[in-house]
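Enquirer: Below are the sequence and a predicted model; questions follow.
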Number of protein chains: 2
Amino acid sequence: MTATASLPGIADPVYSRVRERIRQDIFSGYFAPGARIPTAALGARYGVSQMPIREALQQLQGEGLVTIAPNRGASVRRVDARFISNIYDIRAALEAMMVSRAVETIGDDGMFALYAAERRFEEAASRGDTGAAVAANLEFHDAVFPLADNPEAVDVIARHAELLQSLRRRFGYGPHRMAAIIAEHRQLLRAFEQRDAAAAALVVKTHCEHAKRDLVVQAGFAAPEAEKRA
Amino acid sequence: MTATASLPGIADPVYSRVRERIRQDIFSGYFAPGARIPTAALGARYGVSQMPIREALQQLQGEGLVTIAPNRGASVRRVDARFISNIYDIRAALEAMMVSRAVETIGDDGMFALYAAERRFEEAASRGDTGAAVAANLEFHDAVFPLADNPEAVDVIARHAELLQSLRRRFGYGPHRMAAIIAEHRQLLRAFEQRDAAAAALVVKTHCEHAKRDLVVQAGFAAPEAEKRA
DNA sequence: AAGTGGTCTAGACCACCTT
DNA sequence: AGGTGGTCTAGACCACTTA
């Protein structure tokens, strides 16, 4: 028996570690959206050959994080208001579907996890700790989605949400968004308590719609004129 | 200017052509679901080195067609009843979302394309030509989805639908399915005529639900006991 | 007309499975 | 222990873009 731990990630193939490294470099802003990702430079930066880097990039293309053009290589996926809108529309549709299922299958332990995540989110929000709030928000969602028993849908959301999360980390939430999120989460909790699948689905859809608008504004793709348009 | 045609696919890189070749070999049944895909054998079969094959496989993994395990290589994605169900649930959610949009944006030309595709589908169905029916069915969907102006959602559906299409080609439709599809399509056309987004969304959801059940039965994952269960 | 950078090949390395 | 097959490296090739 070897001494290598069973922990994943430390003994993974090079292309796998490189993939995570590139992902990190994209999220940290080292590679900005739209920027080329030259394999030779990455080979020097990471200390490996070009082929595992190419493989990592192919995988990241599958996740939608980068785009690859024949004979022109990889670039970080460009994000604009339309892309953000489309991704949030996908999330709204899938999360509504999953929440409807989760309402019917959730048990006491699931409800407990939901309450705990929500409490952590509200604490982070009251401290103004955006990083902790984003984390707790993810935790909240991660407590709901597995209950729908549709890992493929969870995967689709996770892949597309990555770019949005990096934007969220960079730009944060709008001034009134935190309070709105708390209110919307509590609405969702109430729908769960009452086992009201339709209400939960509706809450999630409006939740995503509001999150979309807030992120578009925060990322600077649109003026906040919609706040008081009447 | 070169003499190379602007047609894509003929002058693409090797990994791109290999990717389509593998896709073909999966759909044709040369690689059955769950089967290993050895790179060395493919190198001999396609006459290329192993690396472009690896890249093609990484891309196909991104599409969900194959799975890659570290140090164990690629295998064709295994499909079971639960996977089929999950994919159809994703399709139902996304297609309902997109159809709701399409109802609001469709014009006369779009309606014309819809009628034409439906007519071709019904002709193929009356001839009992399953292959032409599958093609016309795709055509019908392709006439609707672009109207939603959400290429990311179209992409998600297309990627996941590929495996289902191959199953459909292999196993065909159930005895009463053709007539039901025609009825459901006509319901959808009526919803489009009346610009009723909610009705269209509902039709699409039940359409996907029925298609799911039929495919699960046709693929041999479940007995057709649900036909008369009351 | 070089130069840049993506793409491909051949072979060596190494992890895992079989005898 | 040996074999099978996935993984990685170094270098050559070639498409596209600079001047």
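Expert: Done, it's in.

Enquirer: who in chain A is up against chain B?
Expert: A:12-13, A:15-16, A:51, A:54-55, A:58-59, A:61-64, A:70-71, A:83, A:86-87, A:89-90, A:92-94, A:96-97, A:150-153, A:156, A:160 (Cβ under 8 Å from any Cβ of the partner chain). From N, CA and C alone the C-beta is placed, and that goes for glycine too.

Enquirer: show me what contacts residue A:124?
Expert: A:130, A:132, A:133, A:135, A:136 (Cβ atoms under 8 Å, 6 or more residues apart in numbering or on different chains).

Enquirer: Ok, residue A:146 next?
Expert: Counted by Cβ under 8 Å, 6+ apart, residue A:146 has contacts residue A:154.

Enquirer: how near is it to residue A:102?
Expert: As judged by Cβ to Cβ, to the nearest Å, residue A:146 and residue A:102 stand 8 Å apart.

Enquirer: Which element, helix or strand, includes the residue nearest in space to the middle of chain A?
Expert: For chain A, residue A:161 is the residue whose C-alpha lies nearest the centre (Cα atoms, centre = their mean; 3.0 Å). Using DSSP states H and E, residue A:161 sits in helix A:151-171.

Enquirer: How far does the following helix or strand past that helix sit from its chain's centre?
Expert: Downstream of helix A:151-171, the next assigned helix or strand under DSSP H and E is helix A:177-193. Computed by Cα atoms, centre = their mean, to the nearest Å, the chain-centroid distance of helix A:177-193 equals 19 Å.

Enquirer: same check, this time on stretch A:168-175
Expert: The answer for stretch A:168-175 is 13 Å, by Cα atoms, centre = their mean.

Enquirer: So which other helices or strands are in contact with the helix holding residue A:161?
Expert: Applying 3 or more Cβ pairs under 8 Å, 6 or more residues apart in numbering or on different chains; DSSP states H and E, one finds that helix A:151-171 contacts helix A:14-27, helix A:81-105, helix A:130-144, helix A:197-218, helix B:81-105, helix B:151-171.

Enquirer: Let me have the ones you listed in CSV, adding distance to residue A:37 and mean pLDDT as columns.
Expert: CSV is the format used below for the helices and strands packed on helix A:151-171 (distance: least, Cβ to Cβ, whole Å; pLDDT from 0 to 100):
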stretch, distance to residue A:37, mean pLDDT
helix A:14-27, 7, 91
helix A:81-105, 18, 96
helix A:130-144, 25, 84
helix A:197-218, 24, 96
helix B:81-105, 29, 96
helix B:151-171, 21, 87
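
Enquirer: quick one, which of the ones you listed is nearest to residue A:172?
Expert: helix A:130-144 (4.8 Å; Cβ to Cβ).

Enquirer: List the buried residues for that closest one?
Expert: Using 16 or more other Cβ atoms under 10 Å in any protein chain shown as the test for burial, helix A:130-144 gives A:130, A:133, A:134, A:135, A:136, A:137, A:139, A:140, A:141, A:143, A:144.

Enquirer: before we move on, back to that, will you turn the contacts of residue A:124 into a markdown table that also has distance to residue A:20?
Expert: Formatted as a markdown table, those follow (distance: Cβ to Cβ, whole Å):
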| residue | distance to residue A:20 |
| --- | --- |
| A:130 | 23 |
| A:132 | 23 |
| A:133 | 24 |
| A:135 | 18 |
| A:136 | 23 |
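
Enquirer: about what we covered before: which of the residues of chain A next to chain B count as buried?
Expert: Using 16+ other Cβ under 10 Å, the buried members of the residues of chain A next to chain B are A:15-16, A:54-55, A:58-59, A:61-64, A:83, A:86-87, A:89-90, A:92-94, A:96-97, A:150, A:152-153, A:156, A:160.

Enquirer: Now do the contacts for the residue of chain A found nearest DNA strand C.
Expert: Closest approach between chain A and DNA strand C, counting by Cβ to the nearest atom of the strand: residue A:73, at 2.6 Å. By Cβ under 8 Å, 6+ apart, residue A:73 lies in contact with A:36, A:37, A:38, A:39.

Enquirer: cool, and residue A:58?
Expert: A:68, B:15, B:55, B:58, B:59, B:62.

Enquirer: Just the ones of these in strands?
Expert: residue A:68 (DSSP state E).

Enquirer: Need the residues that contact stretch A:33-45.
Expert: Under Cβ under 8 Å, 6+ apart, the answer for stretch A:33-45 is A:18, A:22, A:31, A:49-50, A:53-54, A:57, A:66, A:73-79.
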